[in-house]
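Visitor: next comes the sequence, and after it the predicted model I'd like to discuss.
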Amino acid sequence: MSNSTSTALAGATTYDYVIVGAGSAGCVLANRLSEDGKHSVLLLEAGPRDSNIWIHIPIGYGKTMNDPIVNWRLYTEPEPHLHQRTLYWPRGRTLGGSSSINGLVLIRGQAEDYDAWERLGSAGWGYKDVLPYFIKSETNQRGAGEFHGDKGPLRVSDIGIEHPLVEAFIGASTELGIPRNADFNGKTQEGAGYFQLTTHKGLRASTAKTYLKMARGRPNLRVETDAQATRVLFDGTRAVGLTYRQRGTDISVSARREVLLCAGAIQSPQLLQLSGVGPADLLRRHGIASVVESPGVGENLQDHLQVRLIYKCSQPVTTNDDLRTLWGRIRIGLQWLLARRGPLAIGIQLGGLFARAQPHAATPDVQFHFGTISADAVAGKPHDFSGFTVSMCQLRPTSRGTVRIKSADPLAPPAICANYLETQHDREVMVAGTQLARKLMQTRAMKEFIAEEYSPGQRMQTEDEMLEFVRKEGVTIFHPVGTCSMGSTARDVVDERLRVYGTSGLRVVDASIMPLLVSGNTNAGAIMIGEKAADMIRADQQLAVLRVAQRPESAQVQLDRMTGSVSA
């Protein structure tokens with residue numbers, strides 16, 4: 001493949017659907033909207049093909065975390081409540097998007113998260129409505145059941161081993177009265193246990209390798225890589241096409257039906273603002289003509305802030321030990337080559353915990369990722385000692401940030417301000433979560449594995465010192481959402497069918513539409529959004545066809561001119 005998966009569409013400039021971003025949601029849409037063979041679909045990805053070997057080896061995200069070829073390598077503005085630090089935000093820039101470079105952990109969130117979306121004005125997005133799409137999306141190693149599916153494109157696997165450190169961590173949780181949980185995506189999220197991963201037979205199962213791969217041979221689907229969208233084209237307030245830049249050339253394409261933005265929580269609002277949809281004063285400041293004033297575009301940014309406690313391990317059972325010696329590296333390499341097993345096949349985030357750091361919390365308010373490796377930075381060089389990492393993040397932050405263009409240049413990154421720890425509530429939860437991490441490490445189950453707390457060290461004792469630790473060391477855990485929020489208020493950007501307010505022929509379909517951050521990793525939620533959106537798009541088009549059939553010819557001609565006739 002050069003830049004296209006379809007030679008039949010190679011010369012086309014008009015498509016039924018134009019999708020921006022081949023990430024977690026974009027690949028889902030490309031698959032579902034092309035599967036009946038009736039509609040032409042163009043999928044644009046700003047990055048290259050997913051040919052980097054480290055994308056596909058689960059532990060390889062340590063390599064892709066800083067690779068500018070497959071990673072946008074974004075940075076925040078100086079964060080006002082984190083001592084003006086600028087934080088590194090990795091985001092996927094390749095087929096599969098962030099599902100090609102993430103930590104592979106599959107977490108849906110709590111049922112209460114989606115019920116809260118519905119209460120905020122997003123009808124049809126309660127847990128009972130979204131659960132069928134989670135089930136539809138996956139082929140789970142555990143088979144079909146009340147909460148899981150066995151016929152979906154996404155492959156979901158158990159880690160398949162019991163690790164002594166993870167077992168000790170689970171034991172520590174039970175000592176504190178937190179139950180063992182065999183399925184974080186089942187009846188309840190609360191508890192400690194092993195994660196399930198988006199892997200299959202020891203390889204990463206990104207949306208590019210699952211959803212998109214299934215659709216690649218379809219003559220009605222075209223995929224363009226190294227193609228960065230620069231502007232949505234409007235006829236009045238109707239989106240009629242798009243411009244994108246590929247190898248230095250600006251190319252325009254038309255959309256008969258819809259333009260679908262799946263570029264993520266940073267680039268989707270950026271593209272809307274560049275195209276004249278956003279806060280009027282921001283657009284005016286950068287000389288961009290306003291198409292629709294939408295003050296919420298780029299607002300409501302939410303992310304999970306994490307702190308990492310690092311411990312020297314008293315026993316040589318960590319991934320550091322596997323990687324420190326030549327024989328260790330050879331051994332784990334052979335495990336993967338011969339049997340697709342071992343550390344290379346499962347990454348480093350093996351176990352987790354969802355708990356209530358604050359006793360009055362109605363549901364778990366913090367999440368722990370337990371890693372059998374340690375380094376001074378996320379995806380950094382492993383320490384030369386036996387070490388492991390206990391990462392804790394607040395699940396439902398109340399602080400809100402922004403994404404705003406800094407110029408009219410579509411290739412310039414926007415200004416990102418997460419505004420972490422703006423609220424007293426967030427500060428209290430982060431301190432309580434840090435205290436809980438310490439309690440876990442002081443249990444009988446963990447003590448036999450701990451030689452020393454390497455970071456932050458025993459100098460941190462008081463609540464003020466813990467808050468200072470969070471301010472100095474807190475970093476993103478890579479879950480930005482909310483910047484094109486769904487809802488029914490004047491500050492929301494899309495309605496419950498993900499249509500951009502004030503426009504027609506334009507939707508946003510990615511994690512940016514989440515009105516509230518889900519309680520956990522966001523990849524599964526983005527995939528669910530793609531699945532549900534595909535059904536809504538097809539249903540809306542079928543309704544439009546029925547309306548045309550019931551109208552006199554003059555009305556049908558008018559509707560065809562507005563929306564494009566049904567493809568053969």
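Guide: Thanks, I have the structure now. Numbers count the residues shown, from 1 in each chain.
Visitor: ok, for residue 444, nearest residue in space, not its chain neighbours?
Guide: residue 175 (6.4 Å; Cβ to Cβ, 6 or more residues apart in numbering). Backbone N, C-alpha and C define where each C-beta goes, glycine included.
Visitor: what sits against the one you found?
Guide: With contacts taken as Cβ atoms under 8 Å, 6 or more residues apart in numbering, residue 175 has the following neighbours: 443, 444, 445.
Visitor: longest strand of the chain?
Guide: For the chain, the strand reaching the highest residue count under DSSP state E is reported as strand 249-261.
Visitor: who are the packing partners of that strand?
Guide: Here strand 249-261 is seen to pack against strand 14-20, strand 227-235, strand 238-246, helix 264-274, strand 506-508, helix 523-549 when contacts are counted using 3 or more Cβ pairs under 8 Å, 6 or more residues apart in numbering; DSSP states H and E.
Visitor: relative to residue 296, which of the ones you listed is closest?
Guide: If you check each of the helices and strands packed on strand 249-261 against residue 296 by Cβ to Cβ, helix 264-274 wins as the nearest, at 9.1 Å.
Visitor: downstream of the closest one, the next helix or strand is which one?
Guide: strand 277-278 (DSSP states H and E).
Visitor: pull up the pairing partners for that following strand, direction included.
Guide: Taking DSSP bridges as the criterion, strand 277-278 pairs within the sheet with strand 292-293 (parallel).
Visitor: quick check: which ranges of the protein have low pLDDT?
Guide: Low-confidence regions of the chain, defined here as pLDDT under 70, cover residues 1-12, 551-568.
Visitor: excluding covalently adjacent residues, which one is nearest to residue 206?
Guide: With sequence-adjacent residues excluded and distances taken as Cβ to Cβ, 6+ apart, residue 206 is closest to residue 96, at 3.5 Å.
Visitor: list the contacts of the one you found.
Guide: Going by Cβ under 8 Å, 6+ apart, residue 96 touches 22, 23, 24, 27, 50, 55, 206, 207, 208, 209, 212.
Visitor: so what does the helix or strand where residue 434 lies touch, helix or strand wise?
Guide: Assigning secondary structure by DSSP H and E places residue 434 in helix 424-441. Under the contact criterion of 3+ Cβ pairs under 8 Å, 6+ apart, the helices and strands touching helix 424-441 comprise helix 164-175, strand 305-313, strand 366-371, strand 387-394, helix 463-473.
Visitor: now these as TSV including distance to residue 107?
Guide: Compiled in TSV, these are given as follows (distance: least, Cβ to Cβ, whole Å):
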stretch	distance to residue 107
helix 164-175	16
strand 305-313	14
strand 366-371	8
strand 387-394	12
helix 463-473	22
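Visitor: for residue 415, which of the ones you listed is the nearest?
Guide: Evaluated with Cβ to Cβ, these place strand 305-313 nearest to residue 415, the distance being 18.7 Å.
Visitor: for the helices and strands packed on helix 424-441, which one sits closest to residue 521?
Guide: The stretch from the helices and strands packed on helix 424-441 with the least distance to residue 521 (Cβ to Cβ) is strand 366-371; that distance is 8.3 Å.
Visitor: ok, residue 44 to residue 438 distance?
Guide: Per Cβ to Cβ, to the nearest Å, residue 44 is found 47 Å from residue 438.
Visitor: between the two, which one's more packed in?
Guide: Looking at residue 44 and residue 438 with other Cβ atoms under 10 Å, you find the greater number of neighbours at residue 44, namely 25 against 17.
Visitor: the more buried one and residue 17, how far apart?
Guide: 11 Å.
Visitor: same thing with residue 440?
Guide: Taking Cβ to Cβ as the criterion, residue 440 is separated from residue 17 by 48 Å.
Visitor: before we move on, back to that, chain center to the longest strand of the chain: distance?
Guide: Averaging C-alpha coordinates over strand 249-261 and over its chain gives two centres that are 24 Å apart (Cα atoms, centre = their mean, to the nearest Å).
Visitor: got it, and stretch 311-319?
Guide: The offset between the C-alpha centroid of stretch 311-319 and the centroid of the whole chain comes to 31 Å, using Cα atoms, centre = their mean.
Visitor: Throw the contacts of residue 175 into TSV and include neighbour count, secondary structure and distance to residue 312, thanks.
Guide: What follows is the contacts of residue 175, written out as TSV (neighbours: other Cβ atoms under 10 Å; DSSP: H, G, I helix; E, B strand; the rest coil; distance: Cβ to Cβ, whole Å):
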residue	neighbour count	secondary structure	distance to residue 312
443	16	coil	17
444	10	helix	19
445	18	helix	17
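Visitor: can I get those residues in JSON lines including distance to residue 384?
Guide: As requested, these are arranged in JSON lines below (distance: Cβ to Cβ, whole Å):
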{"residue": "443", "distance to residue 384": "27"}
{"residue": "444", "distance to residue 384": "29"}
{"residue": "445", "distance to residue 384": "26"}
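Visitor: looking at those, which is nearest residue 476?
Guide: Distances from the contacts of residue 175 to residue 476 were compared by Cβ to Cβ; the smallest belongs to residue 443, at 28.6 Å.
Visitor: the closest one against residue 178, yeah?
Guide: No: using Cβ atoms under 8 Å, residue 443 is not in contact with residue 178; the gap is 10.7 Å.
Visitor: neighbouring strands for the longest strand of the chain, and are they parallel or not?
Guide: For strand 249-261, the paired strands and their directions (DSSP bridges) are strand 14-20 (parallel), strand 238-246 (antiparallel), strand 506-508 (parallel).
Visitor: closest one to residue 306 among the ones you listed?
Guide: Nearest to residue 306 among the strands paired with strand 249-261 is strand 506-508; the distance by Cβ to Cβ comes to 26.5 Å.
Visitor: off-centre distance for that closest one?
Guide: Here the centre of strand 506-508 is set off from its chain's centre by 18 Å, with Cα atoms, centre = their mean.
Visitor: ok, now stretch 221-228?
Guide: On the basis of Cα atoms, centre = their mean, stretch 221-228 is displaced by 20 Å from the centre of the chain it belongs to.
Visitor: how far does it stretch from start to finish?
Guide: With Cα to Cα, to the nearest Å as the measure, the ends of stretch 221-228 fall 18 Å from one another.
Visitor: ok, the residue lying closest to residue 289 once chain neighbours are set aside - how many residues close by?
Guide: In space, and not counting its chain neighbours, residue 289 is closest to residue 276: 5.5 Å by Cβ to Cβ, 6+ apart. Other residues lying near residue 276 total 20 when counted by other Cβ under 10 Å.
Visitor: closest one to residue 137 among the helices and strands packed on helix 424-441?
Guide: Comparing the helices and strands packed on helix 424-441 under Cβ to Cβ, the one sitting nearest is strand 366-371, at 21.3 Å.
Visitor: which neighbouring elements make contact with the closest one?
Guide: Judged by 3+ Cβ pairs under 8 Å, 6+ apart, strand 366-371 is in contact with helix 164-175, strand 349-355, strand 387-394, helix 424-441.
Visitor: run through who's touching it.
Guide: Residues from elsewhere that reach strand 366-371, judged by Cβ under 8 Å, 6+ apart: 103, 105, 107, 165-166, 169, 192, 304, 306, 319, 348-357, 388-395, 429, 432-433, 436-437, 440, 477, 519-520.
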